[in-house]
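A.B. asks: give me the fold of what follows.
(one chain, ligands or ions: 1)
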Amino acid sequence: MKEKISCLTEEITNKLNSVHDLKELSELKSLYLSKKGPVNELMNYMKELNSEEKKAYGKIINEFKSKITTSFDNLKIKLENEELNKKLDAEKIDISLPATKINIGAPNILEKLIEEVEELMMSLGYDVVDGPEIEEDKYNFEMLNIPKGHPARDAQDTFYIEGEEILLRSQTSPVQVRTMLKGKGKTPIRVICPGKTFRRDDDDATHSHQFMQIEGLLVDKEVSLSDLKGTIDVIVKKLFGDDVETRFRPSYYQFTEPSVEVDISCFNCHKKGCNICKKTGWITIAGAGIVHPNVLKMSGYDPKEWTGFAFGFGAERMAMLKYGIQDCRVFYNTDLRESKLFDRKEV
Ligand code: DAH
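C.D. replies: Okay, here's the model as predicted:
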C-alpha cells in the first residue's frame, strides 16, 4: 500500500509539474480525483481492511488525499494568478503617455458670415433660396434688362461655357428672376440668395475669379427706397455694430431704377479717415435699388401693381472688413490655423 501511495504521489507530482494552464489542470483533476479515479480507489480499498489495518492505513491514505488535493488547489491558485497577470500586462495603459490630439475643425469664415446674415434675414421673414451656378444668358442678363450687345455686360467679365447662351453666373441677380417666375406675378416675395459667382477678373489680391454675393429681393405693394435703406441698415448694424451708419450714393444698374451704391461709415476710424476707408470715412459694401419696372414685367409682375427693392452684397468684402482680412484668397485655402484665428475674432 505504502509503495502504491508513493508511486501515485510521484506520478501525480510529475504530471502537476508539467501542467501549463487551468484547462490542463482541470483535465488532470478529473483523471485522478474523480470518484472512479486512482485516489478514490485507494480509499475504497480501505473497506476491505480489518479494523487494525484500517487504523494504520486510514491516517496515511487521508494524509495522502489531502496532500494531493492541496497540491491541486495551490497550483490552481498559482495558474489563476499567472493568467490574471498576463491579462493585466496585455491591457496595461501607460497613463503618463500624452493623449492623442484630436483636431477640431473651424467653420469657413465666409460661411460663418453668410449664416449670420441668413439668420438675421429669416428673423425678418425672408426665405433663403438657391439658384444654379451654371446659368442661362436669359436669366443672368436679358431678363434683368441687359439685352445682348448692351455695354453693361462688359463690366461683368463673364465666363461663357457654350456659345452665347450658357455661362457661369456673373452675379446672383438671376435668382431674382427665377424667384419672381415661381411667384407667377401673384405673391409678395422676400428672399435672400447667398451663392458663388464667377468673373474673368483676378488681377490682384482683392479680386478672385470666384466670389460670393448675397442677393436680396423684396416685391410687394408700395415698396420705397426708405424700406430698402431701413433693411440694409439693420443688416449693417448687426454685422458691424450699432454705431455704424449707412448712406446711399446714386449709381447705375440696368435692373434697378433708381440704383444706389451702399456705403457704411468706417467702423475703424468713425469717418475720420484711415487706410481701411482710403481716407474717405466711408466704405462701399453693396449695390442696390428699386426693381426696374421692365424686370418686374418680364418676370410676370405688373409694375403698376407691384414694386420691389433688391440688393447685392459682396460676401468676401464684408468678411474682409469684419475680420480685418487683407487677402481674399484666405477664404478658399484649407489652412485651419487661419480659419481658427478668425473663428475667435469677433468685431
Ligand atoms: N448684381 C450686381 C453686381 O454684381 C450687384 C447688385 C446691384 C445686385 C444692385 C442687386 C442690385 O440686386 O439691386 O454688381
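A.B. asks: run the chain-centre distance for the helix or strand containing Ile214.
C.D. replies: Counting by DSSP states H and E, the secondary-structure element that holds Ile214 is strand 210-220. Here the centre of mass of C-alpha atoms in strand 210-220, compared against the chain's by C-alpha atoms, centre = their mean, to the nearest Å, lies 25 Å away.
A.B. asks: could you dump that strand to PDB, C-alpha only?
C.D. replies: Below are the C-alpha coordinates for strand 210-220, written out as PDB (Å, rounded to 0.1, in the frame of the first residue of the first chain):
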ATOM      1  CA  GLN A 210     -14.800  83.200 -58.000                       C
ATOM      2  CA  PHE A 211     -16.500  85.200 -55.200                       C
ATOM      3  CA  MET A 212     -19.700  85.100 -53.300                       C
ATOM      4  CA  GLN A 213     -22.600  87.500 -53.300                       C
ATOM      5  CA  ILE A 214     -25.700  87.800 -51.000                       C
ATOM      6  CA  GLU A 215     -28.600  88.800 -53.200                       C
ATOM      7  CA  GLY A 216     -31.800  90.200 -51.700                       C
ATOM      8  CA  LEU A 217     -35.200  90.800 -53.300                       C
ATOM      9  CA  LEU A 218     -38.400  92.100 -51.900                       C
ATOM     10  CA  VAL A 219     -41.500  92.500 -54.100                       C
ATOM     11  CA  ASP A 220     -44.700  93.800 -52.500                       C
END
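A.B. asks: can you list contacts of the following helix or strand past it?
C.D. replies: Scanning forward in sequence from strand 210-220, with DSSP H and E defining helices and strands, the next element found is helix 225-240. By C-beta atoms under 8 Å, 6 or more residues apart in numbering, the residues outside helix 225-240 that reach it are 113, 116-117, 120-121, 124, 216, 218, 244, 246, 248, 258, 260, 262, 264, 267, 285-286, 288-290, 309, 311, 313, 318, 321-322, 347. Quick note: C-beta positions are derived from backbone N, CA and C, even for glycine.
A.B. asks: again, but for stretch 129-147
C.D. replies: Residues outside stretch 129-147 that contact it (C-beta under 8 Å, 6+ apart) are 148, 150, 152-153, 158, 161, 164-179, 191-193, 195-196, 198, 254-255, 292, 294-295, 298-299.
A.B. asks: can you tell me the element the residue of the stretch 151-300 of the chain found nearest the ligand falls in?
C.D. replies: As assessed by C-beta to the nearest ligand atom, the ligand sits closest to Gly287 within the stretch 151-300 of the chain, at 2.7 Å. Using DSSP H and E, the secondary-structure element containing Gly287 is strand 282-291.
A.B. asks: narrow the contacts of helix 225-240 to those in strands?
C.D. replies: Among the contacts of helix 225-240, the subset assigned to strands under DSSP state E consists of 216, 218, 246, 248, 258, 260, 262, 264, 285-286, 288-290, 309, 311, 313.
A.B. asks: and the residue lying closest to Val117 once chain neighbours are set aside, what pLDDT?
C.D. replies: Spatial nearest neighbour of Val117, excluding adjacent residues (C-beta to C-beta, 6 or more residues apart in numbering): Ile214 at 5.7 Å. We have a pLDDT of 97 for Ile214.
A.B. asks: isn't Ile214 up against Ala315?
C.D. replies: Yes - using C-beta atoms under 8 Å, Ile214 and Ala315 qualify as a contacting pair, with a distance of 5.5 Å.
A.B. asks: between these two, which contacts overlap?
C.D. replies: Any residue near both Ile214 and Ala315 by C-beta under 8 Å, 6+ apart counts here, and that gives 114, 194.
A.B. asks: hmm, back to that, state the next helix or strand along the chain beyond the strand holding Gly287.
C.D. replies: Sequence-wise, the next helix or strand beyond strand 282-291 is helix 293-298, with elements assigned using DSSP H and E.
A.B. asks: from the contact counts, what lies against that next one?
C.D. replies: Counting contacts by 3 or more C-beta pairs under 8 Å, 6 or more residues apart in numbering; DSSP states H and E, helix 293-298 is packed against helix 174-183.
A.B. asks: give me the buried positions along the helix it packs on.
C.D. replies: For helix 174-183, burial by neighbour count (16 or more other C-beta atoms under 10 Å) applies to 174-180, 183.
A.B. asks: do the same with stretch 147-156
C.D. replies: By neighbour count on 16+ other C-beta under 10 Å, the buried set for stretch 147-156 is 153, 156.
A.B. asks: just stretch 286-296 next, same as before
C.D. replies: 286-293, 295-296.
A.B. asks: which parts of this structure sit against the ligand?
C.D. replies: Of all the residues in the chain, those in contact range of the ligand (C-beta under 6 Å from any ligand atom) are 171, 173, 215, 253, 256, 287-289, 310-312.
A.B. asks: if we ignore the residues flanking it in sequence, what's nearest Val295?
C.D. replies: Nearest in space to Val295, with sequence neighbours left out and distances taken as C-beta to C-beta, 6+ apart, is Phe255 at 4.9 Å.
A.B. asks: kindly report the same for Phe159.
C.D. replies: Leu168 (4.3 Å).
A.B. asks: centroid-wise, who is the farthest residue in this protein?
C.D. replies: Glu52 (90.8 Å; C-alpha atoms, centre = their mean).
A.B. asks: can you confirm that one is in a strand?
C.D. replies: No - assessed with DSSP: H, G, I helix; E, B strand; the rest coil, Glu52 is helix; it does not lie in a strand.
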